[in-house]
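Chemist: generate a structure from the sequence data that follows.
(chains A and B)
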Amino acid sequence: MPDETKGNDQPSPVEAGGNAAPERPATPAPPAKPAVPPAAKPAAPAAAAPPKPAVPPKAPVPTPQPWESALVTRLKGQYGSGIREASTYLGQNYFVVDPTILTDILRILRDDERYDYCVDVTAVHYPKREEAQFEVIWILYSFAHNTRLRVKTQIKEGQEVPSSVPLWPTANWLEREVFDMFGIQFTGHPDMRRILLPEGWKGHPLRKDYDILLQDKEWVQINLGIESGQ
Amino acid sequence: MSDAKIYSQLESISSSEKPFLDSSELILNMGPQHPSTHGVLRVVLKLDGEKVLGTECVIGYLHRGVEKIAENRTYAQFNPYVDRMDYVAAVSNGLGYCESVEKLLNVVAPERAQHIRVILTELNRIASHQVWLGTHALDIGAITPLFYTFRDREEVLKIFEKYCGARLTTHAFRIGGCQYETYEGFEKECLKFCDFVLPKIDEYEELLTTNRIWIERTKGVGVITAEECIALGATGPVIRGSGVRWDIRKAQPYSGYQKFDFDIPIGTAGDTYDRYLVRIEEMRQSVRIIRQAVEALPEGPIMAKVPKVLKPPVGEIYHSIEAPKGELGYFIVSDGSTQPYRVRVRPPSFVNLQALDLMVRGRLVADVVAVIGTLDIVLGEVDR
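Modeler: Just a heads-up that it's a prediction; the model follows:
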C-alpha cells in the first residue's frame, strides 16, 4: 500500500543520497512504469488523491521513505533485486521480498539479526492489482534490539508461499488462519486445514470479493438446520 | 472440522511405554460446553488412562468475522466492535485500536486523555486478573476466591459505569482521545479503590499462595521455558512467568506509560504457580500506576484535533499494547478512504492457546483444566 504515494519517490533518493538512487531502477519493475516499484496498484491513485486536503493540515502527509541500514545494504548486496523494497513508514521498517527468497530472508533475520519472535502472520487481498493479488506479511520482533520489522511478499492468485512453521512454531495457527480467511496455501505447512471456520465451508471470507453478507448457505442449511444464518 | 480427521490425527500419537494391550488409550472430547474451558473451547484429548498423549484444539465456535466487519465500517464505527473481542478487558482492546488509528492519522491524544486512558486500562487489568483468578481457582477446586474476586471487581465496574455508562463493553475511548470528561469525584473514587483493593489482593494470597492443595495443583504444572515461549509467540504473563522481563508498557511505551514508575514481576519456573504469582503482583503494580496517574492528572483538553470524517492517508501500521493477556496488536491498512482496507487483530489469547499442547503433554487430565486457566484465554478473542 505505501507504494501508492509514488510522487514522492523522485525527491526521496535525492534526500537520501546516492545509496538509494541506484537501487531503485534495479527493481524488476515492468517496463511501462520504470520508476515505480512493482507493487504499484493502478486503481488507487484516484482514491488516494482526495484524502490529502481532508487530513488535518498540521502535519504533511507522511510517505514511505527508503530505509537505510547496514542490514538493508547487506541483504541487498546478497540478494539484489530479490529485495524489492526496503522502506520506513511512520517509523516502522519493512521489506518487500520475492517469494522465492522469503524463507532465506526470514531465516537470516531470525538467526543472524535476532528477530527471534514472530509476532504475527497475516495477509491482505488486492484484487485490482494485475501482478500480485495477495500480500502476505510477517511481523517480527527482536527481544535483543527491541525493534519490530515487517517482511512482506507478494503473490498471485493460487500461488503458494513457503511456510515459516519450521522457523517459528507459532506460525502454525497463524498460517492456518491466513489459509482459512484468504485461501493462501503454505508449502511445507504440517497441517494445512481451516482453523476458525468449519472444514466443509466454501469460500474464504476475507477476500475482497466475498461480500459481508455472503455465507455458505448449503453448509448452514445442512449443519445448522436453518434457512439462513443472517 | 470433521471429527474423523481430528481423531485420525490423534491416532498417530501413541504412548511411549507400549502396554500389552493399548485398550487404555482413548479419545475424549472436552468442550465446547464444559465449565472449565472458559467459553466454547473444544479440546480433543488423546489419553492413555489419565495421561494426556496429545491434544487438538477445535476453535471458531464464537467466530463473528470481526476483521471482515471492520472493512465494512468506518474507523469510528468499528471502535465499539473491538470491545467484544476480549470482553473481560474491553478497555484494553479499545486503547489498542484507538492508538493504532491515531498513529495512522499521525495524531497524539492530549496528555489528560492519556492519563485517563492509563487509569481506566489499569483498572481493567485488575478486573481482568480478578476474573482470571476467580475462575482459575474455581477450576482447580477453590471456590471461595471466585466470590471474593467478583465482589471486588464490582468496584471497578462501578467506576466504568459512572464514567461511560457501560460496565463491560465500555467503548470508553475515541480516536483522538476520550469522549467523556471524568465525572465529579472520579479521582477520589479511583484512589479509594486503590486503598480498597490492596488488602483484598493480600486476602486472595492468604487463601492460595501457601495453600497446600493450591501448591500441589499448580507447582510444576504446565511448565514452559522462555525459549519455548518465544518460539510459540506466547506473551504477557505467560512469558513473564518463564523469566523474561518483557512488557510492552516498558519495552515500547505507549500512552505515556514511560512517565510512571512500576516494576515488571517475573517468575522463574515457568509453571502455573509462577504465572499466578506474576499476575497477583501485576495487580499491585497496576495500583501503583493508577495512583501515580491520578495524582498527576493534568488539566486540559481530552480530544486531539481530528476531523469529523476520518480518512487516514494511504499506508499501513502495526501497533501493539500490553493487554492483560499479552501482546494485543492491530495491523491496519488504509487506502485513504473512510473505511479501513484491512484490520488485522493480533490476539494474545489465540497465540497463547497454541502453547496448550506443549504444556499438557504427559500430564494428567486435571492439569489440562489448570493449564487452560493459567493461559487466561477468552474465547471471544480467540475466535474473533
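
Chemist: what about the closest residue to chain B within chain A, distance to residue B:230?
Modeler: Chain A approaches chain B most closely through residue A:170 (3.3 Å), counting by Cβ to the nearest Cβ. To be clear about C-beta, it is placed using only N, CA and C from the backbone, and glycine gets the same treatment. Taking Cβ to Cβ, to the nearest Å as the measure, residue A:170 falls 9 Å from residue B:230.

Chemist: who's more crowded, those two?
Modeler: Using other Cβ atoms under 10 Å in any protein chain shown, the more surrounded residue of residue A:170 and residue B:230 is residue A:170, with 25 against 21.

Chemist: re the thing from before, just the pLDDT at the residue of chain A closest to chain B, thanks.
Modeler: Note for residue A:170: predicted pLDDT of 91.

Chemist: what does residue A:42 give?
Modeler: Reported pLDDT for residue A:42: 44.

Chemist: do the one 5 residues further on as well
Modeler: According to the predicted model, the pLDDT of residue A:47 comes to 44.

Chemist: and the strands in chain A?
Modeler: With strands called from DSSP state E, chain A shows them at A:65-66, A:83-89, A:92-97, A:117-125, A:134-142, A:147-155, A:161-162, A:186-187.

Chemist: format the ones you listed as JSON lines; extra columns: mean pLDDT, mean neighbour count and distance to residue B:310.
Modeler: As requested, the strands of chain A are exported to JSON lines (pLDDT from 0 to 100; neighbours: other Cβ atoms under 10 Å in any protein chain shown; distance: least, Cβ to Cβ, whole Å):
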{"stretch": "strand A:65-66", "mean pLDDT": "82", "mean neighbour count": "18", "distance to residue B:310": "24"}
{"stretch": "strand A:83-89", "mean pLDDT": "84", "mean neighbour count": "21", "distance to residue B:310": "18"}
{"stretch": "strand A:92-97", "mean pLDDT": "88", "mean neighbour count": "22", "distance to residue B:310": "20"}
{"stretch": "strand A:117-125", "mean pLDDT": "91", "mean neighbour count": "25", "distance to residue B:310": "20"}
{"stretch": "strand A:134-142", "mean pLDDT": "92", "mean neighbour count": "23", "distance to residue B:310": "23"}
{"stretch": "strand A:147-155", "mean pLDDT": "91", "mean neighbour count": "21", "distance to residue B:310": "23"}
{"stretch": "strand A:161-162", "mean pLDDT": "90", "mean neighbour count": "22", "distance to residue B:310": "33"}
{"stretch": "strand A:186-187", "mean pLDDT": "90", "mean neighbour count": "17", "distance to residue B:310": "35"}
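
Chemist: distance to chain B added to these, as TSV?
Modeler: Below are these laid out as TSV (distance: least, Cβ to the nearest Cβ, whole Å):
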stretch	distance to chain B
strand A:65-66	12
strand A:83-89	5
strand A:92-97	6
strand A:117-125	4
strand A:134-142	5
strand A:147-155	7
strand A:161-162	16
strand A:186-187	16
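
Chemist: which one of those strands lies nearest to residue B:225?
Modeler: strand A:117-125 (14.3 Å; Cβ to Cβ).

Chemist: so what secondary structure elements neighbour that closest one?
Modeler: strand A:134-142, helix A:171-182, strand B:315-323, strand B:326-334, strand B:342-346 (3 or more Cβ pairs under 8 Å, 6 or more residues apart in numbering or on different chains; DSSP states H and E).

Chemist: report the angle between the third one and strand A:92-97.
Modeler: Calculated by axes from the mean of the first three to the mean of the last three Cα atoms, to 10 degrees, strand B:315-323 forms an angle of 120 degrees with strand A:92-97.

Chemist: number of residues surrounding the closest residue in space to residue B:223 that isn't next to it in sequence?
Modeler: Leaving aside its chain neighbours, residue B:223 sits nearest to residue B:271 (4.8 Å; criterion: Cβ to Cβ, 6 or more residues apart in numbering or on different chains). By the criterion of other Cβ under 10 Å, residue B:271 has 22 neighbours.

Chemist: one more: residue B:225?
Modeler: Residue B:225 has 14 nearby residues by other Cβ under 10 Å.

Chemist: who's in contact with it?
Modeler: When the contact criterion is Cβ atoms under 8 Å, 6 or more residues apart in numbering or on different chains, the partners of residue B:225 are B:242, B:270.

Chemist: now swap in residue B:168 and tell me
Modeler: Residues counted as contacts of residue B:168 (Cβ under 8 Å, 6+ apart) are B:83, B:87, B:90, B:157, B:160.

Chemist: helix or strand with the lowest mean pLDDT in chain B?
Modeler: helix B:3-11 (a mean of 72; mean pLDDT, DSSP states H and E).

Chemist: helices and strands around it, which ones?
Modeler: strand B:42-48, strand B:51-58.

Chemist: contacting residues around the first one?
Modeler: Applying Cβ under 8 Å, 6+ apart, the contact partners of strand B:42-48 are B:3, B:6-7, B:10-11, B:13, B:15, B:19, B:22, B:24-32, B:37, B:52-59, B:61, B:356, B:365, B:368, B:372.

Chemist: which of the residues you listed are buried?
Modeler: For the contacts of strand B:42-48, a burial check counting by 16 or more other Cβ atoms under 10 Å in any protein chain shown picks out B:6, B:10, B:25, B:27, B:30-32, B:37, B:52-59, B:61, B:356, B:368, B:372.

Chemist: stretch A:209-223 and chain B in contact?
Modeler: Yes: with Cβ under 8 Å from any Cβ of the partner chain as the criterion, chain B is reached by stretch A:209-223 at A:210, A:212.

Chemist: can you pull the buried residues of that stretch?
Modeler: A:210, A:215-216, A:219-220.

Chemist: pLDDT on it, on average?
Modeler: According to the model, stretch A:209-223 has a mean pLDDT of 84.

Chemist: again with stretch B:178-194
Modeler: 89.

Chemist: which other residues reach that stretch?
Modeler: B:109, B:113, B:116-117, B:119, B:123, B:155-156, B:159, B:162-164, B:172-173, B:287, B:290-291, B:294, B:297, B:302-303.

Chemist: can I get it in CSV? Just the C-alpha atoms.
Modeler: The C-alpha trace of stretch B:178-194 is given here as CSV (Å, rounded to 0.1, in the frame of the first residue of the first chain):
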residue,chain,number,x,y,z
CYS,B,178,-11.7,10.4,25.2
GLN,B,179,-15.3,11.1,24.6
TYR,B,180,-16.2,11.9,28.2
GLU,B,181,-14.6,14.1,30.8
THR,B,182,-14.2,12.5,34.1
TYR,B,183,-17.1,12.7,36.5
GLU,B,184,-17.0,14.6,39.7
GLY,B,185,-15.2,12.6,42.3
PHE,B,186,-13.5,10.3,39.7
GLU,B,187,-10.0,10.8,41.1
LYS,B,188,-11.2,10.3,44.7
GLU,B,189,-13.0,7.1,43.8
CYS,B,190,-10.0,5.7,41.9
LEU,B,191,-7.7,6.4,44.9
LYS,B,192,-10.3,4.9,47.2
PHE,B,193,-10.4,1.8,45.0
CYS,B,194,-6.6,1.6,45.2
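
Chemist: list the buried ones in that stretch?
Modeler: For stretch B:178-194, the neighbour count (16+ other Cβ under 10 Å) marks B:178, B:182, B:186, B:189-190, B:193-194 as buried.

Chemist: wait, residue B:224 sits on residue B:358?
Modeler: Yes: Residue B:224 lies in contact with residue B:358 (Cβ atoms under 8 Å); the separation is 6.5 Å.

Chemist: okay, and the common contacts of those two?
Modeler: With Cβ under 8 Å, 6+ apart as the test, residue B:224 and residue B:358 both reach residue B:232.

Chemist: count the residues that sit near the closest residue to chain A within the stretch 201-350 of chain B.
Modeler: The minimum distance from the stretch 201-350 of chain B to chain A, using Cβ to the nearest Cβ, falls at residue B:233 (3.3 Å). Neighbours of residue B:233 under the rule other Cβ under 10 Å: 30.

Chemist: what residue, apart from its backbone neighbours, is nearest it spatially?
Modeler: Closest to residue B:233 by Cβ to Cβ, 6+ apart is residue A:170, at 3.3 Å.

Chemist: need the contact list for the one you found.
Modeler: Contacts of residue A:170 (Cβ under 8 Å, 6+ apart): A:118, B:231-234, B:351, B:354.
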